[in-house]
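Visitor: what would the 3D arrangement of this be:
(chains A and B)
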Amino acid sequence: MTLKVDDLRVYYRTLRGEVKALDGVSFTLADGEIMGLAGESGCGKSTLGKSLIRLDQRMKHVGGSVELDGQVLPIADDRRMNAHRFFEVSLIPQYSMSALNPTRKIGRMIEELLRSRGAPFDRKELERRLHLVGLSTDVLDRYPIELSGGMKQRTVMVISTLLDPSLLIADEVTSALDVSSQRAVAQTLLEFRDRHLVKSMIVVTHDLSLVYQIADTIMVMYAGKLAEKAPAKTIVNAPRHPYTQALINSLPEVGVRYSERRLQGIPGSPPSLLNPPKGCRFRDRCPLAFDKCETEPPFTEIAQGHSVACWKAI
Amino acid sequence: MRRYFGRKLLLYGLTFFVAVTINWMIPRFMPGDPVSTMLARRTVNDPAAYEQMRVYYSDLFGLDKPIWEQYLNFWGSLLQGDFGISVWAFPTPVGSVILSALPYTLALVIPAVLLSWVVGNWFGAFAARRKLLDSAVLPVGYLLTAMPYMWLAALLAWVLGVVTGWFPFAGGYSFSRTPELTWPFIQDLIMHWVLPFLSLFLVALGGWAIGMRNMIIYELDSDYSNYLGALGAPNRLIRRYAFRNAMLPQITGLALQLGVIVAGAVVTEIVFAYPGLGLTILRAIQNLDFFLLQGVFLFIVVGVLIANFVIDVVYLLVDPRTRIGVA
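Guide: All right, here's what the predicted structure looks like:
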């Protein structure tokens, strides 16, 4: 088992109080597993992704633990966490287009980064990996501004995985790309795993249809809590949580003419995480809600590898 | 690259032409007549002699010609390196008046601009995101940069000159000395240089420090800094990168500052009666000395243009993005 997250709580400090963006999240990630992490904006998926590598200044680790390859990650201790970053946990950020220092040639930047981490700079291996993602080695002698958006994205992917991390977090990596580049990026992620450059992966996204193509499992979050985790096929074909069902129903399907059938949105909006309601957080928007939903449903395994937090599903 | 510099040079040429023309126009549109001012100092009582002298001087300075001819003559002699004769320091040529004042101003302005820039940037970058230091640097920086040059100059002259008596506060060297290349004279020069330099240096320093501090904080928050942080890069590396990127607007700021610092030098030189270009400008205005004023402004324009050109080249070296536009 690569990753074990246990009751993780990370809050944001704001002037109006603590925003409970990640409120008791527990799950595991197997060796070689690619997990899609989905949910709407503000559900805590990016917070979870960041928590596993680097809390930003407003984030506070309130409770829970993270274990990677049997080692506890000191996520609250920025300095001690450094030892694990890049070597064991790595990140492909949301902002790949601007992730490279504009005033350094890419090759030199990579070399300086590796040297500063005490890792050897192996130019051969670096070139091999650039070829793997379809980039020529000229890239190393160029400045970021000389690359297209897709090239920058692939460069960042190569840099992030250079030290063969156990866990790679890909945060909304396809959001800024056109459809064909999206597909290429998704295929590359798959290839990284298949070539064992990366042991396992969390792909944070709001694009379920894309992550479905590469993910082994999909985990759905809602309002700072887990809603459902299951193999990708199950999530798409037989979701059990009413939120997952609504999410899947809101996706367009190929071949369906939407002049005949209106695309379903999810009515209502998620609760404020500043002071979230007791019980199931989806209650107010849920068509199936009943009395029992006043108490919080546990995240329970209902079948092999399929966990749901809903009283109706248990 | 050649097209880029060609375009730049054309632009600088045009700027030079316009600036010089304006320099020529301004004194001529000032109220008053330089010849009568000059004659007033001679206290000529005989009207006939007065008229004769007026005609003689008008002819000498070329002021009896129609205005367009004066303008053409001005360009003609300018291109031959002839700036005319000073009215104030008659009959010294403007060129030699300026050349004797120029070293003082350059010795004052160049170290003040460059040192305040270097020290201010370094200090601001160092203070950014270091809580204790930052909360000290910020208010001091604002205080310094908000000070008018002459006020700080007067304050320094009073505290370090009058009260403590550490430094002399008037003139470029002691009145009792004659300029010569000996160690005591150089020492005397330096002592007289300290206060005017300090007043220019301190005011500029605060502005640079604050600018750099803000830029560094912005850069440390940028995506590339966050990415490096997520990959566990040490602060040293992140700060180095941030510094390099934060320098770019500061370099532009330096270019812009060069024009302003001349104005600062004018008041500072007046406060300390420092015999540089600033004091020369004052004398020229007081005596309606068109030619001297033109000459000094010309030097300032050329100085600012050269400085801007140097900054353009430096920018090409430090920012790859400008290089792409050039190629």
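Visitor: is B:W88 in a helix, a strand, or coil?
Guide: Secondary structure assignment for B:W88 (DSSP: H, G, I helix; E, B strand; the rest coil): coil.
Visitor: count the neighbours of it for me.
Guide: Other residues lying near B:W88 total 22 when counted by other Cβ atoms under 10 Å in any protein chain shown. Bear in mind the C-beta positions are built from the backbone N, C-alpha and C, glycine included.
Visitor: nearest residue to whichever residue of the stretch 151-300 of chain B sits closest to chain A in space, please, no chain neighbours.
Guide: Using Cβ to the nearest Cβ, B:G232 is the residue of the stretch 151-300 of chain B that sits closest to chain A, at 3.2 Å. Nearest residue to B:G232, sequence neighbours excluded (Cβ to Cβ, 6 or more residues apart in numbering or on different chains): A:R85, at 3.2 Å.
Visitor: how near is B:I251 to A:L130?
Guide: 33 Å (Cβ to Cβ, to the nearest Å).
Visitor: looking at those two, which is more packed in?
Guide: Between B:I251 and A:L130, A:L130 has the larger neighbour count (other Cβ under 10 Å), namely 20 against 16.
Visitor: so who does A:R195 touch?
Guide: Shown here is A:R195, whose contacts under the criterion Cβ atoms under 8 Å, 6 or more residues apart in numbering or on different chains are A:L132.
Visitor: helices of the stretch 151-300 of chain A, start to end?
Guide: A:179-194, A:208-214, A:232-237, A:242-249 (DSSP state H, counting those that start in this stretch).
Visitor: what residue ranges in the chain score low on pLDDT?
Guide: Went with chain A since none was named. For chain A, applying pLDDT under 70 flags the ranges A:254-263.
Visitor: wait, chain B was what I had in mind.
Guide: Low-confidence segments of chain B (pLDDT under 70): B:44, B:259-264, B:324-327.
Visitor: what residues does chain B have near chain A?
Guide: B:222-224, B:226-234, B:236-237, B:241, B:244-245, B:248, B:318-321, B:324 (Cβ under 8 Å from any Cβ of the partner chain).
Visitor: mind running it again at 6 Å?
Guide: B:223-224, B:227, B:230-234, B:237, B:241, B:244-245, B:320-321 (Cβ under 6 Å from any Cβ of the partner chain).
Visitor: farthest pair in the residues you listed?
Guide: Greatest spatial distance in those: B:G232 and B:R321, 27.7 Å, computed using Cβ to Cβ.
Visitor: the more surrounded of those two?
Guide: Between B:G232 and B:R321, counted using other Cβ under 10 Å, the more crowded position is B:G232 (22 against 14).
Visitor: mind listing what the more buried one touches?
Guide: For B:G232, the contacting residues are A:82, A:85-86, by Cβ atoms under 6 Å, 6 or more residues apart in numbering or on different chains.
Visitor: would you mind giving the domain segments of chain B?
Guide: B:32-82, B:94-326 (automatic domain parsing).
Visitor: deepest of these, which one?
Guide: Of those, the one with the most neighbours on average (mean count of other Cβ atoms under 10 Å in any protein chain shown) is domain B:94-326, at a mean of 18.
Visitor: so the one residue in the stretch 51-200 of chain B that gets nearest to chain A, which of the three states?
Guide: Residue nearest to chain A within the stretch 51-200 of chain B: B:R129 (10.4 Å; Cβ to the nearest Cβ). When classified by three-state DSSP, B:R129 comes out as coil.
Visitor: with only the CA atoms kept, save stretch B:50-63 in PDB.
Guide: In PDB, the C-alpha atoms belonging to stretch B:50-63 read as follows (Å, rounded to 0.1, in the frame of the first residue of the first chain):
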ATOM      1  CA  TYR B  50      24.300 102.200 -23.600                       C
ATOM      2  CA  GLU B  51      22.800 101.900 -27.100                       C
ATOM      3  CA  GLN B  52      26.100 101.100 -28.600                       C
ATOM      4  CA  MET B  53      26.800  98.400 -26.100                       C
ATOM      5  CA  ARG B  54      23.400  97.000 -26.500                       C
ATOM      6  CA  VAL B  55      23.900  96.700 -30.300                       C
ATOM      7  CA  TYR B  56      27.400  95.200 -29.800                       C
ATOM      8  CA  TYR B  57      26.200  92.500 -27.400                       C
ATOM      9  CA  SER B  58      23.100  91.700 -29.300                       C
ATOM     10  CA  ASP B  59      25.200  91.200 -32.300                       C
ATOM     11  CA  LEU B  60      27.800  89.200 -30.400                       C
ATOM     12  CA  PHE B  61      25.200  86.800 -29.000                       C
ATOM     13  CA  GLY B  62      23.300  86.800 -32.300                       C
ATOM     14  CA  LEU B  63      20.100  88.100 -30.700                       C
END
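Visitor: contacts for it next, please.
Guide: So stretch B:50-63 is contacted by B:35, B:39, B:44, B:64, B:70, B:73 (Cβ under 6 Å, 6+ apart).
Visitor: quick one: contacts for the spatially most central residue of chain A?
Guide: By Cα atoms, centre = their mean, the mean C-alpha position of chain A lies nearest to A:V204, the distance being 2.5 Å. By Cβ under 6 Å, 6+ apart, A:V204 lies in contact with A:37, A:45-46, A:49, A:171-172.
Visitor: what helix or strand does the residue nearest to B:T21 when sequence neighbours are not counted sit in?
Guide: Nearest-residue entry for B:T21: B:Y71, 7.9 Å, with adjacent residues in sequence omitted and distances by Cβ to Cβ, 6+ apart. Assessed by DSSP states H and E, B:Y71 sits inside helix B:67-79.
Visitor: mind listing what B:A255 touches?
Guide: Neighbours of B:A255 in contact, by Cβ under 6 Å, 6+ apart: B:308, B:311.
Visitor: what about it, is that helix, strand or coil?
Guide: helix.
Visitor: look up how far B:V119 lies from it.
Guide: Taken as Cβ to Cβ, the span from B:A255 to B:V119 is 18 Å.
Visitor: residue of the stretch 1-150 of chain A nearest chain B, please.
Guide: For the stretch 1-150 of chain A, Cβ to the nearest Cβ, closest residue to chain B: A:R85, 3.2 Å.
Visitor: so what's that residue bridging to?
Guide: On the basis of DSSP bridges, A:R85 is bridged to A:V89.
Visitor: where's the nearest residue to A:S116 once chain neighbours are set aside relative to A:R117, distance?
Guide: Computed as Cβ to Cβ, 6+ apart, the closest residue to A:S116 that is not its neighbour in sequence is B:L237, at 4.6 Å. Distance of B:L237 to A:R117, given as Cβ to Cβ: 9 Å.
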